[in-house]
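**Q** Here you go, sequence then predicted model.
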Amino acid sequence: MIELKNTLGAWHTDRFDTVLKNELEGLESRLLPLRDGLMQGSHVAEDKGFKVMIIDTRDDDQHIRIKIGVFFASIIAGCACADDPTPLDTCNEYCEFLLLVDKTTAQTRVSLVNG
């Protein structure tokens, strides 16, 4: 589980969107379930990073609910033979997640919305 402490601290400020994007885009891609959202490739191209788009934010007494879109790259893995002339090609991917940020601990659950 990830902790979005800076995001929680910026809730209800004009910095919220920027802080959320920076905090998420600073995470290692393996911390988000990007693999669950693959539509074209067979593996997440982790070295390519990802970009976040904020779609919706709401809250209740216990949680901040944030719907995000994530743009990332995947690869279609070949046989990886030494004499395979096929270069690794990347595919553009997109999926949406719901982030549930606990207002007390900043512990954040991430679940795939589409896929």
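**A** It's in. Residues are numbered from 1 along each chain as shown.
**Q** Let me see the contact set for Arg65.
**A** The contact partners of Arg65, taken as C-beta atoms under 8 Å, 6 or more residues apart in numbering, are Asp56, Thr57, Arg58, Asp59, Leu98, Leu99, Leu100, Val101. Backbone N, C-alpha and C define where each C-beta goes, glycine included.
**Q** The same query, at a cut-off of 6 Å, please.
**A** Arg58, Leu100 (C-beta atoms under 6 Å, 6 or more residues apart in numbering).
**Q** For Ile76, see how far away it is.
**A** Noted for Arg65: a distance of 34 Å to Ile76, by C-beta to C-beta, to the nearest Å.
**Q** List the strands paired with the helix or strand of the chain with the lowest mean pLDDT, with their directions.
**A** Sorting the helices and strands of the chain by mean pLDDT, DSSP states H and E puts strand 43-44 at the bottom, at a mean of 93. Strand 43-44 pairs in its sheet with strand 63-75 (antiparallel), by DSSP bridges.
**Q** what angle sits between the helix ranked longest in the chain and strand 63-75?
**A** Under DSSP state H, the helix in the chain containing the largest number of residues is helix 16-25. Inter-element angle recorded for helix 16-25 and strand 63-75: 50 degrees (by axes from the mean of the first three to the mean of the last three C-alpha atoms, to 10 degrees).
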